[in-house]
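**Student:** My questions concern the predicted model and sequence given below.
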Amino acid sequence: MRIVLFGQSAFGKDVFEALRAAGEEVVGVSTPAGSPRLDPLFEAASIAGVPIIETPALRRDGPFEQYVALKPDLLVFTLVTDIVRRRVLDAATHGAIEYHPSLLPLHRGRTPMNWAIVSGAERTGLTIFWVDEGIDTGPVLLQREVEIDPADSVGTLYFDHLYPMGVEALVEATCLVREGAAPRIPQNHALATYEAPCGPEHAKIDWMNHSRVVANLIRGCDPQPGAVASLRGEPIRLFEAQLRPGAPDEPPGTVMTTVDGRAEIAAIGGTIIVGRAQRIPAPRVAAGELLMVGDVLERRQ
């Protein structure tokens, strides 16, 4: 079965190498426009001598004809940010399958891991689904679940769990397609959620929210876009949050203690222990280096 892999970065590279190690025939790679030659997937495909076509270029007849000449049976999408047109999908005998780091139909969109943590979910997972013309709406091929630890950030959830699980799941899904055993389970669209990309406008900490809501927001914006508060009128981002239950005596947003570089901040119904902080645009530092006992953080307007 002839495969064209769409993607970029280390995840794309690891999927590329895992497919080849499993004996799959990867005959082409498609990367975003302007992918630097040091991009891990671009570099791996170049070393392997596998043809590379920029994804936006497939809108033009010349590159599209080069792609069709590869005679693809299956397209494997890792983390694809470009819009892939219908004719590209139709040129592959079996269409396309894609990795998405949520349990679809929950958290459709570009930042599903952020919103799973921000929403306070205790479990999430990944989905390999068949690509159609909607946004993450195609039939499900397989899913894998994972618990969200109370200390997880988006970074730990992805790199410790959903990244390695995703590589394995895409290899397994490709094998199922090749063997003619891949299911197409319709999504229950009535249960679907879709969120806009989690950006700075969503990352402002409101200290009048419950401590659990604040902690989830910090964790769900870590490492990007970074949950933001105001310290003496300046924006400050907070990272590596853990919730400690128990109502504090200090007003919400007050820095209560700093121990071993970490800062404990009062909130409603609990305190939030923060490991790292950043005065924008300076680098991140230990929270205790930036925050002092008695500082009061406010909502960034």
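**Tutor:** Nice, thanks for sending it over.
**Student:** residues touching L170, list them.
**Tutor:** V15, A18, L19, V76, T78, I97, Y99, I128 (Cβ atoms under 8 Å, 6 or more residues apart in numbering). Where C-beta positions appear, they are placed from N, C-alpha and C, glycine not excepted.
**Student:** Nearest to V50 among those?
**Tutor:** L19 (10.9 Å; Cβ to Cβ).
**Student:** Wasn't that closest one part of a helix?
**Tutor:** Yes - L19 forms part of a helix when assessed by DSSP: H, G, I helix; E, B strand; the rest coil.
**Student:** about what we covered before: please identify which two of the contacts of L170 are farthest apart in space.
**Tutor:** A18 and I97 (14.4 Å).
**Student:** Those two - which one has more neighbours?
**Tutor:** The neighbour comparison of A18 against I97 (other Cβ atoms under 10 Å) goes to I97, with 23 against 16.
**Student:** In contact with that one, which residues?
**Tutor:** Counting by Cβ under 8 Å, 6+ apart, I97 touches 74-77, 128-131, 141, 170, 173-174, 177, 182.
**Student:** Go again with 7 Å.
**Tutor:** L74, V76, F77, I128, F129, W130, V131, L141, A173, V177 (Cβ atoms under 7 Å, 6 or more residues apart in numbering).
**Student:** Confirm T258 sits in a strand?
**Tutor:** Yes - the assignment for T258 by three-state DSSP puts it in a strand.
**Student:** what's around L290, how many residues?
**Tutor:** 21.
**Student:** Find the nearest non-adjacent residue to it, please.
**Tutor:** A277 (4.4 Å; Cβ to Cβ, 6 or more residues apart in numbering).
**Student:** Report the buried residues of the helix or strand hosting the one you found.
**Tutor:** Using DSSP states H and E, A277 falls within strand 270-279. Buried residues in strand 270-279, counted by 16 or more other Cβ atoms under 10 Å: G270, T271, I272, I273, V274, G275, R276, A277, Q278.
**Student:** Throw those residues into CSV and include pLDDT, thanks.
**Tutor:** Listed next are the buried residues of strand 270-279 as CSV, based on pLDDT from 0 to 100:
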residue, pLDDT
G270, 97
T271, 98
I272, 98
I273, 98
V274, 98
G275, 98
R276, 98
A277, 98
Q278, 98
